[in-house]
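> Return a 3D structure for these sequence lines:
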Amino acid sequence: MATDSLPLFHRYEGILRDPALDFAAHLPLPDALRMANDARHAVYYAPFDHLNPDARLVLVGLSPGRAQALVALETARRELLAGSDDVSAAAAAKHAASWSGPIRRTLVRMLDFLGVATQLDIASTAELWTTHTDLVHFSAALRYPVFVGAKNFNGAGVERNPFLLAQIDSYFALECTHLTHAMFIPFGTAAQVACDRVVAQGLLRPEQVLAGLPHPSGANAERVAYFLGQKTRASLSAQTRPEPIDAARASALLRLSTWIPAAGKPLQEH
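Residues are numbered from 1 along each chain as shown. Modelled structure (predicted):
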């Protein structure tokens, strides 16, 4: 973990260790974890600080939701109370919570379909959460959970909101300075906004970002099914346009087929 990602974990460690505090009993999370807010959005701390600077692949989402935050908080508490040091506890919390739930299974299917596991020389990208966590860094446009009231922030308007853009610049952009060799795969509009922003700032090269993939959420099931070839063009609803999905699939398959994952080195391609 980079040393500049430890202070927040230390700041909230007492709360993480408190066995009397039921994280899930508060909506959206305990007020003691509130970090910042504007008139509409509130950012809460959850232990998503861990950084893997040797990662070959970076998976970028919007922001941890409440369910993921609770997994991270409870995992960090369990690890700390069992005697783990801060670095180990933070790593365990992030690995357990990132893309947790049914969305992880869909994400694994997408990554395996694209050949990511083959390029990383592993059996399946499911191993990125188990035996090969060293190959991946889990990230988000907004590192810490963002809520509108008690609801998860859905990403709307992130590119126009100074408060949220400052969150991207404070955390996601800083992560990118440690990951100049990795391939970034953003999922969703806000994740793409964040990647485009750091590319414009010169922190990543355009060829490091694999854009356009459908988000693996359940709400996006039809687009994902079509992307994976599990649904035909003729069977798509009127709400799903096949052309951008076809283009994203073709571009991703081509890029990833020539990708040479190299830890600690600039991104290389044939």
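> What residue in this structure is the furthest from its centre?
The C-alpha centroid of the chain is most remote from A234, which lies 32.6 Å away (Cα atoms, centre = their mean).
> who's in contact with that residue?
Taking Cβ atoms under 8 Å, 6 or more residues apart in numbering, we find A234 in contact with no residue. Using the backbone N, CA and C atoms, a C-beta is placed for each residue, glycine as well.
> wait, is it part of a helix?
Yes: assigned with DSSP: H, G, I helix; E, B strand; the rest coil, A234 falls within a helix.
> This protein: helices as residue ranges?
Here the chain has its helices, by DSSP state H, at 7-11, 13-17, 66-81, 86-97, 102-114, 116-120, 162-167, 173-176, 189-200, 221-227, 242-257.
> Select, out of those, the one closest to F138.
Of all the helices of the chain, it is helix 86-97 that lies closest to F138, at 6.1 Å by Cβ to Cβ.
> Name the residues that touch the closest one?
Outside helix 86-97, the residues touching it (Cβ under 8 Å, 6+ apart) are 1, 6, 9-10, 13, 16, 46-50, 64, 68-69, 71-73, 75-76, 79-80, 84, 129, 133, 138.
> Lowest average confidence across helices and strands of the chain, where is it?
Lowest on mean pLDDT, DSSP states H and E among the helices and strands of the chain sits strand 268-269, with a mean of 43.
> Would you mind putting the helices of the chain into JSON lines with mean neighbour count, mean pLDDT and distance to D31 alongside?
As requested, these are arranged in JSON lines below (neighbours: other Cβ atoms under 10 Å; pLDDT from 0 to 100; distance: least, Cβ to Cβ, whole Å):
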{"stretch": "helix 7-11", "mean neighbour count": "14", "mean pLDDT": "93", "distance to D31": "15"}
{"stretch": "helix 13-17", "mean neighbour count": "16", "mean pLDDT": "96", "distance to D31": "11"}
{"stretch": "helix 66-81", "mean neighbour count": "21", "mean pLDDT": "97", "distance to D31": "14"}
{"stretch": "helix 86-97", "mean neighbour count": "22", "mean pLDDT": "96", "distance to D31": "20"}
{"stretch": "helix 102-114", "mean neighbour count": "19", "mean pLDDT": "96", "distance to D31": "28"}
{"stretch": "helix 116-120", "mean neighbour count": "20", "mean pLDDT": "95", "distance to D31": "40"}
{"stretch": "helix 162-167", "mean neighbour count": "17", "mean pLDDT": "98", "distance to D31": "19"}
{"stretch": "helix 173-176", "mean neighbour count": "20", "mean pLDDT": "95", "distance to D31": "26"}
{"stretch": "helix 189-200", "mean neighbour count": "21", "mean pLDDT": "96", "distance to D31": "25"}
{"stretch": "helix 221-227", "mean neighbour count": "20", "mean pLDDT": "97", "distance to D31": "35"}
{"stretch": "helix 242-257", "mean neighbour count": "15", "mean pLDDT": "94", "distance to D31": "41"}
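> Point out the one among the ones you listed that comes closest to M35.
Comparing these against M35 with Cβ to Cβ, the closest turns out to be helix 7-11 (7.9 Å).
> by contact count, what packs against that closest one?
Helix 7-11 sits against helix 86-97, with contacts defined as 3 or more Cβ pairs under 8 Å, 6 or more residues apart in numbering; DSSP states H and E.
> next one: the helix it packs on to chain centre, how far?
14 Å (Cα atoms, centre = their mean, to the nearest Å).
> rewinding a little: dump the helices of the chain to TSV, plus distance to Q208.
Listed next are the helices of the chain as TSV, based on distance: least, Cβ to Cβ, whole Å:
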stretch	distance to Q208
helix 7-11	26
helix 13-17	33
helix 66-81	25
helix 86-97	21
helix 102-114	16
helix 116-120	15
helix 162-167	21
helix 173-176	9
helix 189-200	8
helix 221-227	22
helix 242-257	10
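> Between the ones you listed, which one is closest to P28.
Shortest separation from P28 across the helices of the chain is recorded for helix 66-81, at 5.3 Å, computed as Cβ to Cβ.
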